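> quick check, what structure comes out for this input:
(2 chains)
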Amino acid sequence: MSAAVQTAPVRRSVSGLVMVSALAVVILCLLALLAPLIAPYDPLAQSVLARLKGPSAAHWLGTDQFGRDLLSRILHGMRASLGIAAGAVGVALLVGGTLGLLAAYYRGWTERIVMRLMDVIFAFPVMLLAIGIIAMLGPGSGPTAIAIAVVYTPIFARLLRGPALVITTSDYVAGARAIGASDARIIFSHVLPNLASVILVQTSLLLSAAILVEASLSFLGLGTQPPTPSLGMMLSEGRNVLLLSPWAAVFSGMAILIIAFALNLLGDVLRDALDPRLT
Amino acid sequence: MRFLRTRLIDLVLVMIGVSILTFLMIRLIPGDAVAIMLGANTEVTADRVAALRGRLGLDQPIWVQYVSWIGGVLGGDLGVSIWTKRPVLDEIIGHVWPTLQLTGLALAIGAGLAVPLGVLMARLRGRGWDVGLQIGSVAGLTIPSFWLGIMLILALTVLAPEWQVLGYVPFSQDPVGNIQRLILPALVLALPILANLARLVRSAMLDALQQDYIRSARARGASETAILFKHALRNALIPFVTSVGIMTGYLLGGAIVVEQVFAIPGLGRLILGAIAERNYPLVQATILVVTFTFVMVNFAVDLLYALIDPRVRT
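Numbering: from 1, shown residues only, chains lettered A, B, ... in the order given. Take a look at the predicted model:
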């Protein structure tokens, strides 16, 4: 775009929103982590007498068609969803980020081959490739995590290659090289720290997206398998009894929305706060 | 011309890559893919395994398999469905229209509403509005489409029981029923791209409004409307067009989920059904066709981009 230097566009002071969204993410992570301790019931315990009940003092969010406590199932489902999303995005960051840095640092054939491969993976629509990978590996949480990791790897590779390229060709890296710094030292102490904010923002946004992909896959019956509680599967089961008792569908979907929203908002406000150029 | 040539080379390379990855799908299945496929529907016997392996060409060297498969694909032969023995291409053609219509409608809604909404949002300035619009657009991006769809179905079942929400009828048979059934799924599918694109239009407009040429236009006495729509919007369209290309990927993937919610017999249903009966050749062919479509759309967008913005042509 044009690089005209002008009076700065309206700068928002977003520190309030940063705090609120960061706090929301922390609370959600704590709820998920502590699910086994704070869930009022065993998420798998069935009760014939308490089937399809609405919210009550005993069951805050109601029960599902087997009389299982929805709140307990949602807490455990959040734990599974966040675990899968975090694992998958972590692997994508590690693999994709490494490939992107290697491409930027070594250029030449390394760069051409790596980035071509990334282009090819990136050419598939995300959900379609994820479904294809699960079709191969069979449904389950492991394959879901692998599928999400694969589809997000090229995003990190592309994201980190550009800025890494700018940094590796900068004067201070040339300086570091001149005084005899090793490749590893240059990458870890000069290139990576400068990419921290980009990584943080993108990780947060992709975690949000990964939560939605994981929930979609579970909803389609390809992700986490019953009886393990998962938010997408709960929504899909809730749909079957929608007119009898909409609570399972309503609350499990809201849980997915809240997690995805908090993570996305965090990434969004961090982007504004850390780097106003990246909008 | 050089631009066109490099883009064409990129296109061919990506398509070859996509075809190789898709081809390898069946070959990378852990365990004996043929036995797994057969196990979905019949008893697995050594004879049946050998017969199916021969029919799929899996007993030949891998590069021979690829060459004969890609040769078939280029000639419009995507193989035969292992259970119905119908050509896979026929199965895909039989399911392609609902998906095309759904994604097309969603794209039209999302991109069409994004421009006026983004322009409107660009006029709402100030801290309260900024925060409100940010929260609104993040919510639009992250509401799970399948959940929103189910909630809308629930609401309509209660409020307007006579409204036909589920299923699909071809436009040629019943135009009103067709649109009536497709409008909700299309809206649900369109919401994230609407949020994304409207925000993009807004920030591009705000960016454009800071530029010198806008000030010149204003100094010349151009009306506020002319400035917004003629000068600023034009500039905002460039990133908009690129994003629309990327959004098609989301739409084609998201359609799989939304079709499932609204019981639309499109490609999503086809591919999920194929996975359930482990009909790998059908899964493979559907992925290939949809991905090629996505790649072609992005290629077209790149060309369009060069047309709008002469700077990228060099």
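> just checking, A:Thr168 touches A:Leu195?
No - under the criterion of Cβ atoms under 8 Å, A:Thr168 is not in contact with A:Leu195, lying 11.1 Å apart. In short, each C-beta sits where N, CA and C put it, glycine included.
> right, and chain B sits closest to which residue of the stretch 151-279 of chain A?
Chain B sits closest to A:Gly253 of the stretch 151-279 of chain A, with a gap of 3.1 Å, by Cβ to the nearest Cβ.
> which one is that residue nearest to, not counting chain neighbours?
B:Trp147 (3.1 Å; Cβ to Cβ, 6 or more residues apart in numbering or on different chains).
> show me which residues of the host helix or strand of the one you found are buried.
Following DSSP states H and E, one finds B:Trp147 within helix B:145-159. Neighbour counts over helix B:145-159 (16 or more other Cβ atoms under 10 Å in any protein chain shown) mark B:Ser145, B:Phe146, B:Trp147, B:Leu148, B:Gly149, B:Ile150, B:Met151, B:Leu152, B:Ile153, B:Leu154, B:Leu156 as buried.
> same check, this time on stretch B:196-214
In stretch B:196-214, counting by 16+ other Cβ under 10 Å, buried: B:196-211, B:214.
> again with stretch B:123-131
Buried residues in stretch B:123-131, counted by 16+ other Cβ under 10 Å: B:Asp130.
> now the helices for chain B?
For chain B, the helices defined by DSSP state H cover B:2-27, B:33-39, B:46-56, B:62-74, B:88-123, B:127-142, B:145-159, B:175-209, B:212-219, B:224-226, B:233-261, B:267-276, B:280-308.
> dump these to CSV, plus distance to A:Leu217 and mean pLDDT.
Formatted as CSV, those follow (distance: least, Cβ to Cβ, whole Å; pLDDT from 0 to 100):
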stretch, distance to A:Leu217, mean pLDDT
helix B:2-27, 17, 88
helix B:33-39, 20, 75
helix B:46-56, 27, 78
helix B:62-74, 27, 85
helix B:88-123, 19, 91
helix B:127-142, 16, 88
helix B:145-159, 11, 92
helix B:175-209, 17, 89
helix B:212-219, 46, 81
helix B:224-226, 47, 77
helix B:233-261, 9, 86
helix B:267-276, 11, 91
helix B:280-308, 15, 88
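> average pLDDT across the lengthiest helix in chain A?
Determined from DSSP H, the single longest helix within chain A is helix A:70-106. When pLDDT is averaged over helix A:70-106, the result is 93.
> helices or strands next to the very next helix or strand once past it in the packing?
Reading on from helix A:70-106 to the C-terminus, the next helix or strand found by DSSP H and E is helix A:108-122. Counting contacts by 3 or more Cβ pairs under 8 Å, 6 or more residues apart in numbering or on different chains; DSSP states H and E, helix A:108-122 is packed against helix A:70-106, helix A:141-168, helix B:2-27.
> and of those, who's closest to B:Val258?
Closest to B:Val258 of the helices and strands packed on helix A:108-122 is helix A:141-168 (Cβ to Cβ; 18.8 Å).
> which residue is it, in the stretch 101-250 of chain B, that comes closest to chain A?
Proximity of the stretch 101-250 of chain B to chain A (Cβ to the nearest Cβ) peaks at B:Trp147, 3.1 Å away.
> do you know how far that residue is from B:Ile214?
B:Trp147 sits at a distance of 41 Å from B:Ile214 (criterion: Cβ to Cβ, to the nearest Å).
> kindly report the same for B:Thr142.
From B:Thr142 to B:Ile214 the distance is 33 Å (Cβ to Cβ).
> cool, A:Thr169 as well?
Shown here: A:Thr169 relative to B:Ile214, a distance of 34 Å by Cβ to Cβ.
> tell me the contacts of the most centrally placed residue in chain B?
Per Cα atoms, centre = their mean, the C-alpha nearest to the average position across chain B is that of B:Leu252, at 2.3 Å. The contact partners of B:Leu252, by Cβ atoms under 8 Å, 6 or more residues apart in numbering or on different chains, come to A:Pro125, A:Met127, A:Leu128, B:Thr99, B:Thr103, B:Val290, B:Thr293, B:Phe294.
> in PyMOL, how would I select the buried members of those?
Here is the PyMOL command that selects the buried residues among these (16+ other Cβ under 10 Å):
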select buried, (chain A and resi 125+127+128) or (chain B and resi 99+103+290+293+294)
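> the contacts of B:Leu252: which two are farthest apart?
A:Met127 and B:Thr293 (14.2 Å).
> packing partners of the helix or strand of chain A with the lowest mean pLDDT?
For chain A, scoring each helix and strand by mean pLDDT, DSSP states H and E identifies helix A:183-186 as the least confident one, at a mean of 80. In terms of contacts (3+ Cβ pairs under 8 Å, 6+ apart), helix A:183-186 is packed against helix A:171-178.
> next, the buried residues of the helix it packs on.
So for helix A:171-178, counting by 16+ other Cβ under 10 Å, buried means A:Val173, A:Ala176.
> please name every helix or strand in contact with it.
Counting by 3+ Cβ pairs under 8 Å, 6+ apart, helix A:171-178 packs on helix A:183-186.
> residues in contact with the helix it packs on?
A:Tyr105, A:Thr168, A:Val173, A:Ala176, A:Arg177.
> need these in a markdown table with distance to A:Leu34, can you?
Shown next, in a markdown table, are the contacts of helix A:183-186 (distance: Cβ to Cβ, whole Å):
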| residue | distance to A:Leu34 |
| --- | --- |
| A:Tyr105 | 41 |
| A:Thr168 | 43 |
| A:Val173 | 44 |
| A:Ala176 | 44 |
| A:Arg177 | 48 |
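> from A:Phe219, how far out is B:Leu194?
Plainly put, B:Leu194 is 22 Å away from A:Phe219 if you go by Cβ to Cβ.
> what helix or strand is the closest residue to chain B within the stretch 1-150 of chain A located in?
Nearest residue of the stretch 1-150 of chain A to chain B: A:Met127, at 2.8 Å (Cβ to the nearest Cβ). Per DSSP H and E: A:Met127 is located in helix A:126-137.
> that helix - what's its average pLDDT?
Taken as a whole, helix A:126-137 has an average pLDDT of 92.
> could I get it in PDB with only the CA atoms?
In PDB, the C-alpha atoms belonging to helix A:126-137 read as follows (Å, rounded to 0.1, in the frame of the first residue of the first chain):
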ATOM      1  CA  VAL A 126      -8.900 -25.600   5.600                       C
ATOM      2  CA  MET A 127     -12.000 -27.600   6.600                       C
ATOM      3  CA  LEU A 128     -11.700 -29.800   3.500                       C
ATOM      4  CA  LEU A 129      -8.000 -30.700   4.100                       C
ATOM      5  CA  ALA A 130      -8.800 -31.400   7.800                       C
ATOM      6  CA  ILE A 131     -11.600 -33.700   6.800                       C
ATOM      7  CA  GLY A 132      -9.400 -35.400   4.200                       C
ATOM      8  CA  ILE A 133      -6.700 -36.000   6.800                       C
ATOM      9  CA  ILE A 134      -9.300 -37.400   9.300                       C
ATOM     10  CA  ALA A 135     -10.700 -39.600   6.500                       C
ATOM     11  CA  MET A 136      -7.300 -41.100   6.200                       C
ATOM     12  CA  LEU A 137      -6.400 -41.500   9.900                       C
END
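> returning to that earlier point: contact partners for the residue of the stretch 101-250 of chain B closest to chain A?
By Cβ under 8 Å, 6+ apart, the residues touching B:Trp147 are A:Leu235, A:Ala249, A:Ser252, A:Gly253, A:Met254, A:Ile256, A:Leu257.
> per-residue confidence at the third one?
Read it as A:Ser252. A:Ser252 is assigned 93 on the pLDDT scale.
> spatially nearest residue to it, not counting backbone neighbours?
Leaving aside its chain neighbours, A:Ser252 sits nearest to A:Met234 (3.8 Å; criterion: Cβ to Cβ, 6+ apart).
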